[in-house]
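[1] Sequence first, then the predicted structure:
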Amino acid sequence: MNAAMPIIRAIFIVLSACIALLSASGSSFAEKSHRWGFIDKVGNFVIEPQFAYAGSFSDGLARVRIDGRRWGFIDRQNADKASIH
């Protein structure tokens, strides 16, 4: 593992928190241990990292990849709204 990776990850989390501050939704996606979740304006995880991919919230839903093949949408409470296979 590259020695700079922890620093790069920390910078990414800070940048994600800044994006969350600027976004109307008040949350942003962030990576931890190779999984994606969502953080609030202060950088705390509100949806724990559990996704292979996570996109931004739009109209109350975010697109996520649950595993290597399945895609779906979640709401802000992490409730599965639609699964795409």
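    Now that the structure is in, tell me what you want to look at.
[2] quick one, what contacts the closest residue to Lys32 other than its chain neighbours?
    Closest residue to Lys32 apart from its sequence neighbours, by C-beta to C-beta, 6 or more residues apart in numbering: Pro49 at 4.3 Å. C-beta coordinates here come from the backbone N, C-alpha and C atoms, glycine included. With contact taken as C-beta atoms under 8 Å, 6 or more residues apart in numbering, Pro49 is in contact with 30-33, 35-37.
[3] Repeat that for Gln50.
    By C-beta under 8 Å, 6+ apart, the contact list for Gln50 reads 35-37.
[4] change it to 10 Å
    Counting by C-beta atoms under 10 Å, 6 or more residues apart in numbering, Gln50 touches 32, 35-37, 64, 66, 78.
[5] Please indicate which of the residues you listed are buried?
    The neighbour count (16 or more other C-beta atoms under 10 Å) marks 36-37, 64, 66 as buried among those.
[6] ok, these vs Ala54, which is closest?
    Using C-beta to C-beta, Trp36 comes nearest to Ala54 of those, at 3.8 Å.
[7] Just give me the neighbour total for the spatially closest residue to that closest one that is not a sequence neighbour.
    Excluding the flanking residues, the one nearest Trp36 by C-beta to C-beta, 6+ apart is Ala54, at 3.8 Å. Applying other C-beta atoms under 10 Å, we find 22 residues neighbouring Ala54.
[8] Who is Ala54 paired with across the strands?
    Under the criterion DSSP bridges, Ala54 forms beta bridges with Val64.
[9] ok, it touching Arg63?
    Yes: with contact defined as C-beta atoms under 10 Å, Ala54 reaches Arg63; the gap is 7.7 Å.
[10] Look up the residues that both of those two are in contact with.
    Common neighbours of Ala54 and Arg63 (criterion: C-beta under 10 Å, 6+ apart): Ile74.
[11] Right, I'll call it a day here.
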